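Peer 1: Can you look at this prediction? I've put the sequence above it.
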Amino acid sequence: MRITALAGGVGGARFLRGLIAAVPSAEITVIGNVGDDMTMHGLRICPDLDTVMYTLGGGIHEGQGWGRAEETFGVAEELKAYGVGPDWFTLGDKDIATHLVRTQMLGAGYPLSAVTEALCTRWKLPVRLLPSTDERVETHVVIDDAEAAGGRRAVHFQEYWVRMHAPDAHAIVSVGAETAKPAPGVLAAIAEADVIVLPPSNPVVSIGTILEIPGIRQAVADAAAPVVGLSPIVGGGPVRGMADKVLAAVGVAVTAAAVAEHYGANLLDGWLVDADADGGAVAEVEAAGIACRAVPLLMSSPEATRAMAQAALDLAAELSARTAV
Ligand code: FO1
């Protein structure tokens, strides 16, 4: 079975572990978000790609969901001693090696997709990880700023999230998206998939930013495969992260049903909502033309995560059977 998943950072990566456990024999392609990427100290950093790589490769700092396990911070301490910032974003020594390899390869002219493939080789990933695009498309967030002209300014997503702790946002902008194109293999992975999965990643700044790359949203909408998503919103709030803030920025209510409707019935064939908190959402989602099932959605253990992934595949199979007749 060929499965293609659009995944962001921590939630997406943890879900993918459950998906692999549910169908170990499947060929899984992950289309990763590049909107969080940024250059710091001259190094190109790809947080969401690295979270998938480290999580599925066994090197992740489990408690954080980003960065390396058993990390040291010798370089960060030296940078601090030199008074070189920013002090709100810390790079660990092991993690820096990833950014050095990436930056060196990008500098030699390799596209991000080739760099990602090379980095993933070391981690012996059980999936193929593709960036959504080889181009630089960074997510910026428009926030209030009394000193700025018009009282608003755009900040890079990392500053918005890590330094500012996600204040109220007015708009989300994928800078450069309009001239970007899908990375090699992305459209084929969507067209050739037997199942397409939208993990419980942030629907705006993780999956939304992947869909912003010209051609990707249409490819998913046109795909023969059933598209099944899992709600990142449980009981009216995000399980982790700042999805509530960025959903408000795009005018979407912070509910499991609203996120499904935000993706839309032309993109989404099936949607999983949490059985304990959101069983009442099933009727609304079904009324929007999206098949909906209520199952436990908290990734509280590897078994719970595997069961969620299995539920998504079961719904996909049901939808395939429907269209097959
Ligand atoms: N998140 C933080 O809250 N503080 C950090 O200092 C930080 C450093 C960092 C370094 C590399 C990396 O790949 C991720 C890092 N993150 C940090 C997490 C990052 O902001 C998130 O992984 C995503 O960008 C949002 O999902």
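Peer 2: Cool, the structure landed.

Peer 1: does residue 55 really touch residue 18, like I thought?
Peer 2: No. The pair residue 55 and residue 18 does not pass the contact test of CB atoms under 8 Å, sitting 11.3 Å apart. Using the backbone N, CA and C atoms, a C-beta is placed for each residue, glycine as well.

Peer 1: For residue 174, give me its contacts.
Peer 2: Counting by CB atoms under 8 Å, 6 or more residues apart in numbering, residue 174 touches 35, 137-139, 209, 212.

Peer 1: between residue 55 and residue 18, which one's more packed in?
Peer 2: Neighbours around residue 55 and residue 18, counted as other CB atoms under 10 Å, are more numerous at residue 55. The numbers are 25 against 21.

Peer 1: Quick check: closest non-adjacent residue to that one.
Peer 2: Closest residue to residue 55 apart from its sequence neighbours, by CB to CB, 6 or more residues apart in numbering: residue 13 at 3.7 Å.

Peer 1: isn't there a helix covering the one you found?
Peer 2: Yes. Per DSSP: H, G, I helix; E, B strand; the rest coil, residue 13 lies within a helix segment.

Peer 1: Pull out the buried residues from stretch 69-78.
Peer 2: 71, 76 (16 or more other CB atoms under 10 Å).

Peer 1: With stretch 116-133 instead?
Peer 2: For stretch 116-133, by 16+ other CB under 10 Å, it's 116-117, 119-120, 123, 125, 127-133.

Peer 1: And stretch 308-320, by the same measure?
Peer 2: Burial within stretch 308-320, assessed by neighbour count using 16+ other CB under 10 Å, is assigned to 308-316, 319.

Peer 1: Could you do stretch 259-273 as well?
Peer 2: Quick answer for stretch 259-273 (16+ other CB under 10 Å): 259-263, 267-273.

Peer 1: Could you do stretch 16-34 as well?
Peer 2: Buried residues in stretch 16-34, counted by 16+ other CB under 10 Å: 16-20, 22-23, 26-34.

Peer 1: Would you tell me whether it gets close to the ligand?
Peer 2: No. Using CB under 6 Å from any ligand atom, stretch 16-34 stays clear of the ligand, with a minimum separation of 8.5 Å.

Peer 1: Please report the distance of residue 27 from residue 270.
Peer 2: Residue 27 sits 21 Å away from residue 270, going by CB to CB, to the nearest Å.

Peer 1: Kindly apply the preceding question to residue 44 instead.
Peer 2: From residue 44 to residue 270 the distance is 36 Å (CB to CB).

Peer 1: Check residue 120 too.
Peer 2: Residue 120 is 29 Å from residue 270, where distance means CB to CB.
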